[in-house]
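Undergrad: here's my sequence, what's the structure:
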Amino acid sequence: MAEATNELIFELMKRMHHEMTELRQDVAEVKKELNVIRGHMIAIQSDIHNIYGVLGRHDERLDRIERRLELRELAEPQRPFDHTT
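TA: Here you go, the predicted model:
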């Protein structure tokens, strides 16, 4: 086994320090990417909420139009004829 000299220990510590620095940079980059993804998810959630609001308003308008034109009764499903009688 190689003798543990001060120079060898120093070289190992320098390499570990370099790798730790790279690891910190990688973690910082991942955090930034996660924050961007979080922002996109919030925007998508807001868009979906707005779409539901618009669909709700359209549904209310359609109900008013059907009531005004008296189309509700026509939209009711018809009973099938009973062929046994």
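
Undergrad: number of residues surrounding Glu66?
TA: Counted with other C-beta atoms under 10 Å, residues neighbouring Glu66 total 14. For the C-beta atoms, the positions are set from N, CA and C on the backbone; glycine is no exception.

Undergrad: now it: how far from Val54?
TA: 19 Å (C-beta to C-beta, to the nearest Å).

Undergrad: cool, Arg15 as well?
TA: 59 Å.

Undergrad: same question for Glu11.
TA: Relative to Val54, and taking C-beta to C-beta, Glu11 is found at 65 Å.

Undergrad: off-centre distance for stretch 22-29?
TA: Remark: stretch 22-29 is offset 24 Å from the chain centroid, using C-alpha atoms, centre = their mean, to the nearest Å.

Undergrad: oh, I was asking about stretch 62-71
TA: The chain centroid and the centroid of stretch 62-71 are separated by 37 Å under C-alpha atoms, centre = their mean.

Undergrad: that one: which residues count as buried?
TA: By 16 or more other C-beta atoms under 10 Å, stretch 62-71 has no buried positions at all.

Undergrad: Ile44: neighbour count?
TA: Ile44, neighbours per other C-beta under 10 Å, totals 10.

Undergrad: please identify the helix or strand for it.
TA: Using DSSP states H and E, Ile44 sits within helix 6-68.

Undergrad: same question for that helix, mean pLDDT?
TA: In this model, helix 6-68 has an average pLDDT of 96.

Undergrad: please renumber the chain so that the first residue is 51 from this point on.
TA: All right, first residue 51 from here; so that's helix 56-118.

Undergrad: got phi/psi on Glu120?
TA: Torsion angles at Glu120 (phi, psi; degrees, to the nearest 10) stand at phi 60, psi 50.

Undergrad: quick one: residues contacting it.
TA: If you count contacts by C-beta atoms under 8 Å, 6 or more residues apart in numbering, Glu120 has none.

Undergrad: where's it relative to Asp109, distance?
TA: Applying C-beta to C-beta, the value for Glu120 to Asp109 is 18 Å.

Undergrad: tell me the pLDDT of Arg129.
TA: The model's pLDDT for Arg129 equals 58.

Undergrad: repeat that for Thr134.
TA: Looking at Thr134, its pLDDT reads 57.
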